[in-house]
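1. Let's see this in three dimensions:
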Amino acid sequence: MARNFKRLGQVALAASLLALGACDAASDKPAATANGKSWNAFRDTFLKGYFPLNPTFAVYQGKHDFDGRLPDWSPEGLEKQAAFLEQAIADAKAFDGPLTDAERFERDYLIKVAEGQLFFLRDTDFAKKNPAFYDGALDPNVYIARPYADAETRMKAFIAYAENVPAAAAQIKRNLELPLPATFVRYGAAGFGGFADYYTGDAKAAFAEVKDVALQQRFDEAAAKAAAAMKDLANHIQSQPGTPGGFALGAERFSKMLLTNEGVDTSLEELEAIGRADLRRNQDALKAACARYAAGQTIIDCMKRMASNKPADGPVAEARRQLPMLRAFLVEKDLVSIPGTEEAQVQESPPYNRQNSAYIDIPGPYETGLPSVYYISPPDPSWDRQTQLDFVPGTKDLMFTTVHEIWPGHFLHALHSNRAESIFGKLFVGYAFAEGWAHYTEEMVWEAGLGDGDPEMHIGQLSNALLRNCRYLSAIGLHTQGMTVEQSEQLFKEECFQDEGNARQQAARGTYDPLYLNYTLGKLMIRKLREDWTKGDRTKWKAFHDEFLSYGGPPIPMVRAAMMKEDAPRAVF
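-> Numbers count the residues shown, from 1 in each chain. Model prediction:
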């Protein structure tokens, strides 16, 4: 996954949709055949070709010679990417040079990355239907929020980006086949329309310090044209009423998605049973915690009481207070190594990217000395007052969002992955690994003593766990069982006790992010691996966590096979 842990992580289709395709920059041919090449030469040729055709991915990794460029989303460009991936997989499988164990692992890692990305190009109609296919790569936040260079340099990069937006918007407009599913229409209108407002609003304000009048004029001209193109695109996808269905992958493609992206070949029936068992486990724990915290009250009233304990000065200020406490807890309990001295910042998310309540933007492995930013979204102003109030998390609920995003979730994971021995571990961090780890840490720190047994704290942890349980079951239901968006909303409210705003948002997300079951899917695989590797010995948790994180972010079954010395990767829950 790119180090932009957001959107589809919300992130993730992030690994699969932000970083699509690659080919040799000089010849437009795949990475190379293996004969006569070392593995490192083979791998480096692949990456050398990968970055030019995936310029946004490259920029987010810190390769700023690609600043301002956007992918080729023409049918020809998408076909070139898919054809390359097919050939790259074949070449990697046929590699006949000598391989160390580490190189063999990296070879298999490359194959899985390519297979996962190829699935979305060959096996889905996302390029024709799903705005999420595009909006991650359109995100200009790197130029605005990352101080990788002086403001004038970044402003020039943004201008180059903005000048490329109209052509990209035209490609997207040609690709999208109307009518779109209603949830896709809302997502695309908010995303593309939000970009339009951002270009001439917050982005303009971000470069106010640049005094070059000519450059400011060029910015205004480019931003105006980019905004007009995005508004036109947003209007286009809203020009026909959205359909209630049309988003489902179907059982066969959903299973293939899990196999190609995460190495999971477990049957859908078994996966559903596993998810329902974890839902019941968390519901039972919530019932017990509420009996202590709100004796005699219903579960709904118990959750409302926890949620009503709002941060007095807002979630951004509260999250800033939580960071040093959580880091100190990790050190005190000796749960995992903390490499480096980097710290994270907390900010309100920009208007164009509020489809998810919280996410983190982490500089890539080619950046040095830059801050990571944990973004928290305010409620949608179009919602009624009560729904807006309900959307703001309680302090204990927010605590576990901060655990998830920072200590010891995504931010700590990135500190480790940026130091991985494999370049693939640094660059390609998969959805289930990233979100599974971050979600796993929520329960892990509670088990390690965060909150000293306080039932309100436990309810905050369980609220987050139940949210992910309903994502898991909604993904399967929406894409393989004919579940409607309205039925998914009810699931979130009735089984996972989520408020109206979150239920609405999460049900919609499941339609355009079918991999959002990966939070629970990854968590359960990590918990089982920890149990098997440590044999139940809690004194080995730190060693387990450090070893697990050292791999970067491949499919978890690959990590299991390596850590357990098994012959072949397999998913175990």
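2. drop to CA atoms for contacts and neighbour counts, all remaining ones
-> Noted.
3. Which parts of the stretch 201-350 of the chain are strands?
-> 344-348 (DSSP state E, counting those that start in this stretch).
4. Spell out the residue ranges of the helices in it.
-> 202-206, 213-237, 251-262, 268-293, 299-308, 315-333 (DSSP state H, counting those that start in this stretch).
5. which one of those lies closest to Leu389?
-> helix 299-308 (9.1 Å; C-alpha to C-alpha).
6. what does the closest one rub up against?
-> Outside helix 299-308, the residues within contact range by C-alpha atoms under 8 Å, 6 or more residues apart in numbering are 286-287, 290, 293-294, 390, 393-397, 456, 459-460, 463, 497.
7. Go through the helices of the stretch 201-350 of the chain and name the closest to Ala503.
-> The nearest among these, by C-alpha to C-alpha, is helix 299-308 at 14.1 Å.
8. The closest one - what's its average pLDDT?
-> Averaging pLDDT along helix 299-308 yields 94.
9. List the buried residues in that helix.
-> By neighbour count on 16 or more other C-alpha atoms under 10 Å, the buried set for helix 299-308 is 299-300, 302-307.
10. How far away from the center of its chain is stretch 71-90?
-> 23 Å (C-alpha atoms, centre = their mean, to the nearest Å).
11. pretty sure Tyr375 is in contact with Tyr359, am I right?
-> Yes - in this structure Tyr375 lies within contact range of Tyr359 using C-alpha atoms under 8 Å: 5.4 Å.
12. If you rank every helix and strand of the protein by mean pLDDT, what lands last?
-> Ranking every helix and strand in the chain by mean pLDDT, DSSP states H and E puts helix 14-18 at the bottom, with a mean of 39.
13. between Tyr375 and Tyr359, who's got more neighbours?
-> Neighbour count, other C-alpha atoms under 10 Å: between Tyr375 and Tyr359, Tyr359 has more, with 28 against 24.
14. looking at this, that one is in a strand?
-> Yes - counting by DSSP: H, G, I helix; E, B strand; the rest coil, Tyr359 is found in a strand.
15. In contact with His64: list those residues for me.
-> Ala58 are the contacts of His64 under C-alpha under 8 Å, 6+ apart.
16. Who are the packing partners of the very next helix or strand once past the least confident helix or strand of the chain?
-> Proceeding N to C from helix 14-18, the next assigned helix or strand is helix 39-53, under DSSP states H and E. Applying 3 or more C-alpha pairs under 8 Å, 6 or more residues apart in numbering; DSSP states H and E, one finds that helix 39-53 contacts helix 55-61.
17. List the buried residues of the helix it packs on.
-> So, applying 16+ other C-alpha under 10 Å, buried residues of helix 55-61: 55-61.
18. Need the helices of the stretch 201-350 of the chain in CSV (columns: distance to Ala169).
-> What follows is the helices of the stretch 201-350 of the chain, written out as CSV (distance: least, C-alpha to C-alpha, whole Å):
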stretch, distance to Ala169
helix 202-206, 19
helix 213-237, 6
helix 251-262, 27
helix 268-293, 37
helix 299-308, 41
helix 315-333, 33
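19. sorry, back to before: go through the buried residues of helix 55-61 and say which is closest to Asp265.
-> Phe57 (28.4 Å).
20. burial measure for Lys287, as a count.
-> 16.
21. How confident was the prediction at it?
-> 98.
22. So if we follow the domain assignment, how does this protein break up?
-> As assigned by automatic domain parsing, the chain contains the domains 14-237, 302-564.
23. Confidence-wise, which of the ones you listed is weakest overall?
-> domain 14-237 (a mean of 89).
24. Met457 is in contact with Arg292, correct?
-> No - taking C-alpha under 8 Å as the definition, Arg292 is not a contact partner of Met457, at 11.7 Å.
25. And the helices of the stretch 201-350 of the chain: which comes nearest Glu79?
-> Evaluated over the helices of the stretch 201-350 of the chain, closeness to Glu79 peaks at helix 251-262, with 18.9 Å, by C-alpha to C-alpha.
26. who does that closest one touch, helix- and strand-wise?
-> helix 101-122, helix 455-480.
27. Tabulate the ones you listed (a markdown table), appending distance to Asp567 and mean neighbour count.
-> Shown next, in a markdown table, are the helices and strands packed on helix 251-262 (distance: least, C-alpha to C-alpha, whole Å; neighbours: other C-alpha atoms under 10 Å):
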| stretch | distance to Asp567 | mean neighbour count |
| --- | --- | --- |
| helix 101-122 | 12 | 20 |
| helix 455-480 | 29 | 24 |
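28. between these, which one is nearest to Trp446?
-> Of all those, helix 455-480 sits nearest to Trp446, with 7.1 Å by C-alpha to C-alpha.
29. The helix or strand just after the closest one packs against which elements?
-> Using DSSP H and E, the helix or strand that directly follows helix 455-480 along the chain is helix 485-494. Where contact means 3+ C-alpha pairs under 8 Å, 6+ apart, helix 485-494 is packed against helix 455-480, helix 500-512.
30. Can you add distance to Glu486 and give those back as JSON lines?
-> JSON lines is the format used below for these (distance: least, C-alpha to C-alpha, whole Å):
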{"stretch": "helix 455-480", "distance to Glu486": "10"}
{"stretch": "helix 500-512", "distance to Glu486": "8"}
